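Student: need the 3D shape of this:
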Amino acid sequence: VLTTSTRARLETPLLLCLGLVCMGATLSMAASKTSLASPVRTRVSSSRLVASASSSRRNAVRRIAGAMGTVAFASSASAGAAPGEPDMDMAKNPRVYFVQEPDVKSIKRTDPSSSSERHNLIQNVQYPKESPFIPSDFKRYDETPDPQFYLQPRFVTHIDDKAIEALTQYYSSSFPTGKPSKTEILDLCSSWISHYPTDFMPAKAVGLGMNAAELKENKQLTSYVVQDLNVEPKLPFPDNSFDYVTNVVSVDYLSRPTEIFSEIHRVLKPGGKLINSFSNRCFPTKAIDLWLKTQDWTHLLIVAQYFKIAGFADPVAYDITLKNGHDPMYIVEAIKEK
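Tutor: Sure, this is the predicted structure:
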C-alpha cells in the first residue's frame, strides 16, 4: 500500500535521445497516469549540482550541463556566426543565456540549517538585456484546463522526506521562529501542507492553490484562495501585503511566469522575499516545454531570469540537498528592494 510517507511514484522517467527529450510516446502514456499519481523524474538519473565526496566537481558540472544543447536557438547571419548557425553573443542572441556553464568553484552545497554560510550557485551568471524566452518555451504537452487535472485531491508529498527536511530547515533559518510574529506570508501554488517549521507562527499565512479540499486540510494556513494562475495571473491582494512568498516544486508549471512574478513583486512589502524551491520531479504533461528540455543547472537560470524580468534584486540560488538525501532540493530567491 502506498502511503504519504513513501508517496505513490511513477518511476518511468522521460528518456533522453541524443540530448533531446523524447516527448511523443512517453508523454502519451504518462498523460493517462499522472492525473492521479505523483510526479515522475525529469531525467533517467538524478542530476546533481554537487558531486559526492568520491567524484570531482567538474564531472558534476558536466552531468548537469548535459542537456544545455536542447535549448532552441534562432539562426543568425550576423558577423561572427556561420550561415545557419546561432550567434553566441548574448547581446545579439539572448538565448545564449541558457548555455552558460556553471562556475566550478561556486558549486557547493549549502547547509539548509545555516543562515550565515550560503553558497550562491549563480553569483557569476551574466544576464541578457532582453528576455531570452520565446513563446514556445511555455507550451505544455497537455493544454487542457488545469482545474481538470487538479480536480482530484492528492494528499501526498511530491518530494522525499529528506528533501522536505532540507526545505523545512531552510525555512527555519530564514523565518522568525520560536514565538508569534507579525510576519505575513503567502504560499503560492499551495496544497495540504506548506512544509513550514512547526515553531513558525506568522500573523497571517495565506495559501493560493488549485484544490479547495487540499487547502482546507492545510493547518499551517490562516486562510486560502482557489485560483488558476495560468488563466488569471493577477493576485487578489493589495500592494505591499506580504513579508514572504513561497512556492514549492511548482514553478515549472507556470505558463505565464513573468506575469506571475511581477504580481508577486507587487504584493511583497519592500524588503520582502520570494523563495522558490524545486527538485527534479514534475508532472511532465503539465510542465513547460523549456523545463522538460533542460536540466537542473538551466532550471536555476530559468527561474533567476523570471526574477530579473519582474524587477527583483539580483537572485541567489542554493543547493540545499542533504548529504544523505535522494531527491535534490534547490532554492532560488530574491528580495523586493526597498
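Student: where are the low-confidence patches of the stretch 51-200 of the chain?
Tutor: Applying pLDDT under 70 to the stretch 51-200 of the chain picks out residues 51-86, 155-156.
Student: just confirm Pro238 contacts Lys269, I think it does.
Tutor: No. Contact between Pro238 and Lys269 fails when scored by C-beta atoms under 8 Å: they sit 10.7 Å apart. No exception for glycine: its C-beta is placed from N, CA and C like everyone else's.
Student: pLDDT weak spots in the stretch 201-338 of the chain?
Tutor: Scanning the stretch 201-338 of the chain residue by residue, none of them satisfies pLDDT under 70.
Student: Three-state assignment for His119, please.
Tutor: Using DSSP: H, G, I helix; E, B strand; the rest coil, the structure places His119 in coil.
Student: equivalent analysis for Ser136, please.
Tutor: When states are read from three-state DSSP, the local structure at Ser136 comes out as helix.
Student: that one - nearest residue in space that isn't next to it in sequence?
Tutor: Using C-beta to C-beta, 6 or more residues apart in numbering and skipping residues adjacent in sequence, the residue nearest Ser136 is Asp289, 6.2 Å away.
Student: now do the contacts for the one you found.
Tutor: For Asp289, the set of contacting residues under the criterion of C-beta atoms under 8 Å, 6 or more residues apart in numbering consists of Ser136, Asp137, Phe138, Lys139, Arg140, Tyr141.
Student: related to what we said a few turns ago, more neighbours: Pro238 and Lys269, which one.
Tutor: Lys269 (15 against 8; other C-beta atoms under 10 Å).
Student: and the more buried one, its phi and psi?
Tutor: Its backbone dihedrals place Lys269 at phi -70, psi 150, with angles given as degrees, to the nearest 10.
Student: I'd like the distance between the nearest residue to it once chain neighbours are set aside and Pro147.
Tutor: In space, not counting the residues next to it along the chain, Lys269 is nearest to Asn240; the distance is 4.8 Å by C-beta to C-beta, 6+ apart. Going from Asn240 to Pro147 by C-beta to C-beta, to the nearest Å gives 30 Å.
Student: cool, and Pro153?
Tutor: According to C-beta to C-beta, Pro153 stands 13 Å off from Pro147.
Student: of the two, give the one with the bigger neighbour count.
Tutor: Neighbours were counted for Pro153 and for Pro147 using other C-beta under 10 Å; Pro153 has more, 15 against 12.
Student: am I right that the more buried one is in a strand?
Tutor: No. Secondary structure of Pro153, determined by three-state DSSP: coil, with no strand assignment.
Student: and the residue nearest to it when sequence neighbours are not counted, backbone torsions?
Tutor: The spatially closest residue to Pro153, leaving aside those adjacent along the chain, is Ala213, at 4.3 Å (C-beta to C-beta, 6+ apart). Ala213 adopts backbone torsions of phi -60, psi -40, taken as degrees, to the nearest 10.
Student: export stretch 327-338 to PDB, keeping only CA atoms.
Tutor: Only the C-alpha atoms of stretch 327-338 are listed here, as PDB (Å, rounded to 0.1, in the frame of the first residue of the first chain):
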ATOM      1  CA  ASP A 327      15.800  13.900  -4.200                       C
ATOM      2  CA  PRO A 328      17.800  17.100  -4.800                       C
ATOM      3  CA  MET A 329      16.400  20.400  -3.400                       C
ATOM      4  CA  TYR A 330      17.200  23.800  -4.900                       C
ATOM      5  CA  ILE A 331      16.400  27.300  -3.800                       C
ATOM      6  CA  VAL A 332      16.200  30.400  -6.000                       C
ATOM      7  CA  GLU A 333      15.200  33.600  -4.100                       C
ATOM      8  CA  ALA A 334      15.400  37.300  -4.200                       C
ATOM      9  CA  ILE A 335      14.100  40.300  -2.300                       C
ATOM     10  CA  LYS A 336      12.000  43.300  -3.400                       C
ATOM     11  CA  GLU A 337      14.300  46.200  -3.000                       C
ATOM     12  CA  LYS A 338      13.200  49.000  -0.600                       C
END
